[in-house]
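Sequence first, predicted model second:
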Amino acid sequence: MTLWSGRFDITPDPAAFDFGVSFGFDRALFEDDVTGSLAWAEALGAAGVLSPGDTQAIVEGLQAILEEGRRDPGFVSGPDEDVHSFVERKLVERVGEAGRRLHTGRSRNEQVSLDLRLYLRRRIPARQAGVAALVAACADQAERAGPALMPSYTHLRRAQPVLVAHYFLAHAAALRRDHARLAGAAGEADALTLGSGAIAGTSYPVDTARLARALGFSRVVSNSMDASSDRDFVATFLYAASLAMVHLSRLAEDLIVFTGEEYAFFELSDASATGSSMMPQKKNPDPLELVRGKAGRAIGRLTGWLATMKSLPSGYNKDLQEDKEAVFDADATLDVSLRAAQAVVSRLTVNTARTERAASGLLLATDVADYLVSRGMPFRRAHEVVGALVRQLLADGRDFSTLTREEWRGASDLFGDDVALAATALASVQARRTPQSTNPDAVRLALDECRAWLASCS
Ligand code: ARG
């Protein structure tokens, strides 16, 4: 028995019917489906479509179903086509004939969209909390690193010295955009679809504005036809989740490289690593590799979903059922990946001896050029002078710190005795002036600002 079997005189072919059954995954919408139905029953009651007695029976029946489903997840199962059919079957079992009146003026098309919107509104704050926890782990690392220095890279070649704290706050900055993007996705899902009917709108005088308020929506959709197939909010969520996964993947890639023997800037905790079944010396960064790998999965969900949407004719089409597994999978992927990344970052230790050694040497060339500029030389000329000096040092296997006074002067008579002081990693970071720079005072302020942000989102 399905919600639509009255129209047909033979039972469906299992090969076709089972293919369309969604209860195996849309049971995740159980709570949202009952919540939406409770509000719909009240709205029908308020509009005089349901008698007070029927309204009360339905509301009490749904509340009991919700409680039972929360208490025992195994309860939410059966031969039903989807979660909507399941809830209705249980309702009729409980309250009899009144239960058959619940679906008056409503379609599963608007109902399933409503459920998914409610689901996202419920889940997105939890993902945002996961993002904030990882930002907090980055902030803690920044705090702990204090004045420690490390090289920054462009083209994966040493570029300029930065504070280790600046490095961790760089990742935090990207994650904070993810937090905001997730809020945007929740905002897009924040519209009531009920009242749209199957496509043309409902013919019962339901107060949709009041219904929206009852369900915590800030607005009602503007067009019933659009609403029946609009899943832009799904695409937006998948994009927000994918970009967050891209950021986690880049963080993971950095840490895989920086914790390896060649760099050894950071040390992975034994608790965040795995061994090899054959090579006893190995300490593998499996959790980070899995985070990096799972980014591909989230991106696949996004591109897969965009491909599903692109050829749909106006109005609801069953293709839209694919939205749910995409959302559930991307949501679960982001959830576990955030937890893994947070666990790894919070237990990392910084090998300051290694980072500081790597932060000195020829990557101070820009500072040496800036020194000449401060003595009046045009930058382009200074770049040439220092470039030639670097070429010579490289040939000799030396760096700036070994240059004698005469050698400096030989390169340019603008070099004074104080150049040796300017050409250190510490002087380099202190020379930065802008608020977004790695200047230690700027980084301190950035860390304070990050802490204030964390406090504001908890
Ligand atoms: N399981 C369906 C979905 O996820 C529910 C909506 C069904 N509507 C319909 N007209 N068949 O989209």
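Happy to help now that I have it.

Could you list the buried residues of stretch 445-458?
Ala446, Leu447, Cys450, Arg451, Leu454 (16 or more other Cβ atoms under 10 Å). Placement of C-beta: from N, CA and C, glycine included.

mind listing what the last one touches?
If I follow you right, that is Leu454. Ala132, Val135, Ala136, Ala139 (Cβ atoms under 8 Å, 6 or more residues apart in numbering).

sec struct for Lys294, please.
Assigned with DSSP: H, G, I helix; E, B strand; the rest coil, Lys294 falls in the helix class.

Just the pLDDT at it, thanks.
Here, the pLDDT recorded for Lys294 equals 98.

rewinding a little: which one among the buried residues of stretch 445-458 gets closest to Gly6?
Leu454 (56.0 Å; Cβ to Cβ).

Please give the element, helix or strand, for the closest one.
helix 440-456 (DSSP states H and E).

can I get the CA coordinates of that helix in CSV?
Extracted in CSV, the C-alpha atoms of helix 440-456 (Å, rounded to 0.1, in the frame of the first residue of the first chain):
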residue,chain,number,x,y,z
PRO,A,440,54.6,40.4,15.9
ASP,A,441,52.3,43.2,17.2
ALA,A,442,49.9,42.8,14.3
VAL,A,443,49.8,39.0,14.9
ARG,A,444,49.1,39.6,18.6
LEU,A,445,46.1,41.8,17.7
ALA,A,446,45.0,39.3,15.0
LEU,A,447,45.0,36.5,17.6
ASP,A,448,43.1,38.6,20.1
GLU,A,449,40.5,39.4,17.4
CYS,A,450,40.3,35.7,16.6
ARG,A,451,39.6,34.9,20.2
ALA,A,452,36.9,37.6,20.3
TRP,A,453,35.3,36.0,17.2
LEU,A,454,35.4,32.6,18.9
ALA,A,455,33.7,34.0,22.0
SER,A,456,31.1,35.6,19.8
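
Quick check: phi and psi on Leu149?
phi -110, psi 150 (degrees, to the nearest 10).

ok, it touching Val162?
Yes - if you go by Cβ atoms under 8 Å, Leu149 and Val162 touch, sitting 7.2 Å apart.

Which residues are in contact with each of those two?
In the contact map built from Cβ under 8 Å, 6+ apart, the residues linked to both Leu149 and Val162 are Ala359, Val429.

roughly how far apart are the residue nearest to Ser346 when sequence neighbours are not counted and Leu338?
Once flanking residues are discounted, Ser346 sits nearest to Ala137: 4.3 Å by Cβ to Cβ, 6 or more residues apart in numbering. Distance from Ala137 to Leu338, counting by Cβ to Cβ, to the nearest Å: 10 Å.

who has more neighbours, these two?
For Ala137 and Leu338, the more surrounded residue by other Cβ atoms under 10 Å is Leu338, and the numbers stand at 25 against 22.

From the chain's centroid, how far away is the host helix or strand of that one?
Element membership of Leu338, judged by DSSP H and E, is helix 322-346. A distance of 8 Å separates the centroid of the chain from that of helix 322-346, by Cα atoms, centre = their mean, to the nearest Å.

Show me what counts as buried in it.
322-331, 333-334, 337-338, 340-346.

Could you do stretch 281-293 as well?
Lys283, Pro285, Pro287, Leu288, Val291, Arg292.

How about the third one, nearest residue that isn't a chain neighbour?
Counting by Cβ to Cβ, 6+ apart, Pro287 lies nearest to Ala340, which is 4.6 Å off, once chain neighbours are set aside.

and the longest helix along the chain, anywhere near the ligand?
For the chain, the helix with the greatest residue count under DSSP state H is helix 108-145. Yes - Helix 108-145 is in contact with the ligand by Cβ under 6 Å from any ligand atom, via Arg108, Asn109, Val112.

Tell me which helix or strand Phe19 sits in.
Per DSSP H and E: helix 14-20 holds Phe19.

Would you agree the residue nearest to Ser346 is in contact with Gln342?
Yes - here Ala137 reaches Gln342: they are 5.1 Å apart, a contact under Cβ under 8 Å.

how far away is the closest residue to Trp453 other than its chain neighbours from Ala341?
Leaving aside its sequence neighbours, Trp453 sits nearest to Arg176 (Cβ to Cβ, 6+ apart; 6.7 Å). Using Cβ to Cβ, we find Arg176 at a distance of 15 Å from Ala341.

ok, now Leu116?
From Leu116 to Ala341 the distance is 27 Å (Cβ to Cβ).

For the residue lying farthest from the centre of the chain, give its distance to the ligand.
Distance from the C-alpha centroid of the chain, by Cα atoms, centre = their mean, peaks at Glu406 (55.7 Å). Glu406 sits 79 Å away from the ligand when distances are taken as Cβ to the nearest ligand atom, to the nearest Å.

Tell me the secondary structure of that residue, please.
Going by three-state DSSP: Glu406 is helix.

Pull the contacting residues for it.
With contacts taken as Cβ under 8 Å, 6+ apart, Glu406 has no neighbouring residues.

when you give positions from now on, start the count at 199
Renumbered: residue one is now 199, and that last one reads Glu604.

elements contacting the helix or strand containing Val583?
Using DSSP H and E, Val583 falls within helix 577-594. Using 3 or more Cβ pairs under 8 Å, 6 or more residues apart in numbering; DSSP states H and E, the elements in contact with helix 577-594 are helix 563-572, helix 603-609.

can you redo the ones you listed as CSV with mean pLDDT?
Formatted as CSV, those follow (pLDDT from 0 to 100):
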stretch, mean pLDDT
helix 563-572, 95
helix 603-609, 95
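
what's the closest of these to Pro638?
Nearest to Pro638, of the helices and strands packed on helix 577-594 and by Cβ to Cβ, is helix 563-572 at 15.3 Å.

thinking again about what came up before, I'd assumed Gly491 was in contact with the residue nearest to Pro485.
No - the criterion here is Cβ under 8 Å, and Ala538 misses it with Gly491 at 11.4 Å.

Kindly report the residues of the stretch 249-398 of the chain close to the ligand.
So the stretch 249-398 of the chain meets the ligand at Asp280, Arg306, Asn307, Val310 (Cβ under 6 Å from any ligand atom).

What number of residues are in the vicinity of the last one?
This points to Val310. 26.

Would you confirm that it contacts His282?
Yes - with contact defined as Cβ under 8 Å, Val310 reaches His282; the gap is 7.1 Å.
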